[in-house]
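Trainee: Got a predicted structure here, sequence first:
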Amino acid sequence: MADAARRIAPGELRQWMDEGREFLCVDVLLPAVHEARRLPGALGACVYEVEFAARMQSLAPDVATTIVLYGEDENTQGADMAAGKLAHLGYGDVWVLAGGARGWVERGLPVEGTGRMPAPEGFVLVEGVYAAVADQCHLEWTGRNARGRHTGTLRVARGRLDVSGGTMRGEVLVALSSLVDTDLADDSLRAMLVAHLLSDDFFFAERYPEARFVLEAAVPVHGATPGQASHDLRGQLELRGVRHPLAVRATLSNLSNGGIGVSAHLEFDRTQWGVAYGSGRFFRHLGHHLVYDMIGVELRLVFGLG
């Protein structure tokens, strides 16, 4: 593995090219990046794709081939991961370009391609008014007790996001009448549980038919990388007629149609909103009626522009 990941400096690789040395130069990044920017003569074999091994074996049937791999820069691991895969396949003369493509460009060395690099990864605020696309929004809840848990879903009734001046505000409303249990197989038990949850024991949906989250600020998470939670969504959750602050760490994404996606997992203490049934904080000798205070929510919200 160590031999497979030997480094070659940009200047030395350039010398190999000038000398006409025989080797295979392989870009392990996405095809779109390869099309936009690649080292002279480099071929593409994206290490993120499951066909990477087969692609490399077609490019270099002889495991004795000298191969130079490069990724984006020295802080990313694509080329090293590719080198490890090649080592497992039996390739013995594999090098990794120190500094990757970025280091090569920073030294003023030539590249080929269209120059039209893909848009940067990560969320970008685009001003506008966005409306929740209800049939694309998913909300799953989990409630627990000492014997296990119950799970189910809720539907978003409506919602909006207002993006202006670099800030994001908005609201999301959930219809409590849409509450469904998904873990119980028996229809009568499932109906009994749903009625219990919608009663004044829990959410009192007859009097308070909607839960409402008012977004007051979306604060970027410092140092977050793509795939990590990107923003702290701070606002007020109104439930059972009680409004209380709630912060949600979420991943925001720009959708291909111009919309905004919001994904998050959160847990909140229901008793802060007056949902006290079965809580050991307020009752004693509960026995099997004990219900844990925390409610878990997994959500995916989609907002369309305009």
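Mentor: Happy to help now that I have it.
Trainee: before we move on, what SS does Arg21 have?
Mentor: Taken by DSSP: H, G, I helix; E, B strand; the rest coil, the conformation at Arg21 corresponds to coil.
Trainee: correction: Gln15
Mentor: Remark: Gln15 carries the secondary structure label helix [criterion: three-state DSSP].
Trainee: burial of it, as a residue count?
Mentor: Burial of Gln15, expressed as a neighbour count using other CB atoms under 10 Å, amounts to 12. Just so you know, the C-beta spots here come from the backbone N, C-alpha and C atoms, and that holds for glycine as well.
Trainee: cool, the one 4 residues further on as well?
Mentor: A total of 8 residues lie near Glu19 under the criterion other CB under 10 Å.
Trainee: Then Val26?
Mentor: 28.
Trainee: just checking, what packs against the host helix or strand of it?
Mentor: Here Val26 sits within strand 24-27, counting by DSSP states H and E. Where contact means 3 or more CB pairs under 8 Å, 6 or more residues apart in numbering; DSSP states H and E, strand 24-27 is packed against strand 43-44, helix 52-59, strand 67-70.
Trainee: Tabulate these in a markdown table, adding columns for mean neighbour count.
Mentor: Below are the helices and strands packed on strand 24-27 laid out as a markdown table (neighbours: other CB atoms under 10 Å):
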| stretch | mean neighbour count |
| --- | --- |
| strand 43-44 | 16 |
| helix 52-59 | 16 |
| strand 67-70 | 26 |
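Trainee: Dump these into TSV; add mean pLDDT and distance to Phe283 as well.
Mentor: Conversion of those to TSV gives the following (pLDDT from 0 to 100; distance: least, CB to CB, whole Å):
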stretch	mean pLDDT	distance to Phe283
strand 43-44	98	64
helix 52-59	98	58
strand 67-70	98	63
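Trainee: Which one of the ones you listed lies nearest to Leu139?
Mentor: Nearest to Leu139 among the helices and strands packed on strand 24-27 is helix 52-59 (37.0 Å), distances taken as CB to CB.
Trainee: Go ahead and name everything in contact with that closest one.
Mentor: Residues external to helix 52-59 that are found in contact with it (CB atoms under 8 Å, 6 or more residues apart in numbering): Leu24, Val26, Val28, Leu43, Ala45, Cys46, Glu49, Ala82, Lys85, Leu86, Leu89, Tyr91.
Trainee: From Val105, how far out is the closest residue to Glu106 other than its chain neighbours?
Mentor: Distances taken as CB to CB, 6 or more residues apart in numbering put Gly99 closest to Glu106, at 7.4 Å, once the chain neighbours are dropped. As defined by CB to CB, to the nearest Å, Gly99 lies at a distance of 9 Å from Val105.
Trainee: between the two, which one's more packed in?
Mentor: For Gly99 against Val105, the residue with the higher neighbour count under other CB under 10 Å is Gly99, and the figures read 20 against 16.
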